[in-house]
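Engineer: Return atomic coordinates for the entry below.
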Amino acid sequence: MGQEGKEWDYKVKEMALKRPEEKHWNWKTPKEPYPQLPGANMCFLAPSGMGKTTTLISILLGPMAKCFEEVHVFSPSCEIDSAWDPVREFVKGLKASSFHTDWDEKALSDIMENQKAKIKELKAQYSELERKLAEVKADGDTEAKGSNAGNAFGGRASMAKKPD
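Structural biologist: Numbers count the residues shown, from 1 in each chain. Okay, the predicted model is just below:
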């Protein structure tokens, strides 16, 4: 590469945007090739009888069965289609669930607000954990505090990920 190319390369590197460091959460997620969480947004569009409901239910009860603490269904057929029966059984073991035959914007808004509150609580617990670990590191007494730090991390970190 000539001098001009090196100067250009340097300018490009100098202009490169730097992303701020992000916290990474430990999410339950299915194995590949299934959509990864969080962010596994799906949209099923097809005429009646093309398998939208059964595909969604198969994914939920199969590879994603251990990924969710709550399931909320908005479907005109959830009260009349027997395909939803296994889902109704499945959600009995979850923290929360709901089935809606009509578009219920208030219910959806409440679900989203509850989720935001849970995330805010988890972030606060995570920040408290980081603060305590920083105190332990700053103290420098790793032998005496090491086991306590491990216990604090084990107890608090489980709150930052969904339980098994």
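Engineer: Please tell me how far Glu121 sits from Glu70.
Structural biologist: Using C-beta to C-beta, to the nearest Å, Glu121 is found at 15 Å from Glu70. For glycine as for every other residue, the C-beta is placed from the backbone atoms N, C-alpha and C.
Engineer: of those two, who's got more company?
Structural biologist: Counted by other C-beta atoms under 10 Å, Glu121 and Glu70 do not tie: Glu70 has more neighbours, with 14 against 11.
Engineer: Show the contacting residues for the more buried one.
Structural biologist: Neighbouring residues of Glu70 by C-beta atoms under 8 Å, 6 or more residues apart in numbering: Leu94, Lys95, Ala96, Ser97, Ile111.
Engineer: Return the member of those nearest to Met15.
Structural biologist: Nearest to Met15 among the contacts of Glu70: Ile111, at 42.6 Å, using C-beta to C-beta.
Engineer: Touching, that closest one and His72? I think so.
Structural biologist: Yes - using C-beta atoms under 8 Å, Ile111 is in contact with His72, at 5.4 Å.
Engineer: shared neighbours, those two?
Structural biologist: Residues touching both Ile111 and His72 (C-beta under 8 Å, 6+ apart) are Ser98.
Engineer: low pLDDT regions in this protein?
Structural biologist: 1, 25, 39-41, 140-164 (pLDDT under 70).
Engineer: Just want the most central residue of it.
Structural biologist: Taking C-alpha atoms, centre = their mean as the criterion, Pro38 is the residue nearest the geometric centre of the chain, at 3.8 Å.
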